[in-house]
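> coords please:
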Amino acid sequence: MTVSTASLTFNSATEEVEQSIRKKHIAKYTPFLALGKDGYSQYNNGRESMNAFQLTVRLSPSALWTIGLMEPLLDPSTNISVIRGKSLTKTESRKLIVGYKELHAKRIVTRVKREYYMINPFYIVPIPAHRDHIVASWDALPKS
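Sure, this is the predicted structure:
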C-alpha cells in the first residue's frame, strides 16, 4: 500500500486557506487463486496441473505480451479475457496473433469465439467459487 499526499495553500491579504489530501492506493489482487504447478493439486480436485512457471519462462516475447494483455481483462467467473481487436494497433494485433498461436499450441489459451480467449484453468487456477464451472467449460471445448 502506498500513500500519496498533496497539499494546497492559498494566501490572500484577508484570508488564508490550507487543505491537505491523502489518498491510499491499495494494490489490486489477482482474480485467481494460484498458478498451476506439477503434480496433483488440491486446487484442481485431484486432477493434474500444468507447471505454469516452467511453461512461462519458455514462452516467446509475443506469448508473454499476450498473457500480459489477457490477465488484467480476465473475468474471474469464467476465466475468459475479451480483447477487442479495434483497440489494438496493427503491431499489437500481429503480436496477439503470434502469441495466441504459441499459447494455443501449448494448451494455455483457447479462443472461445472471436475476441474471447479462455485461459486454461490448470495454468491459472480460478477461485474455488467458480472452479468447477470453469473446469467443466474448459473440458467441453473442442480439443484441437
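> can you list contacts of the helix or strand harbouring residue 63?
Assigned by DSSP states H and E, residue 63 belongs to helix 61-70. With contact meaning Cβ atoms under 8 Å, 6 or more residues apart in numbering, helix 61-70 is reached by 56, 59, 81, 83, 95-96, 98-100, 102-103, 108-109, 117, 119. Backbone N, C-alpha and C define where each C-beta goes, glycine included.
> Just the buried residues of these.
59, 81, 83, 95-96, 98-100, 102-103, 108-109, 117, 119 (16 or more other Cβ atoms under 10 Å).
> all strands of the chain, in order?
Applying DSSP state E to the chain gives strands spanning 2-11, 16-25, 34-35, 74-75, 80-82, 109-113, 116-119, 124-125.
> which other residues reach the fifth one?
Counting by Cβ under 8 Å, 6+ apart, the neighbours of strand 80-82 from elsewhere in the structure are 69, 70, 71, 73, 74, 75, 112, 115, 116, 117, 118, 119.
> my guess is residue 74 contacts residue 119, does it?
Yes - assessed by Cβ atoms under 8 Å, residue 74 is found in contact with residue 119 at 6.7 Å.
> Please consider this matter closed, and thank you.
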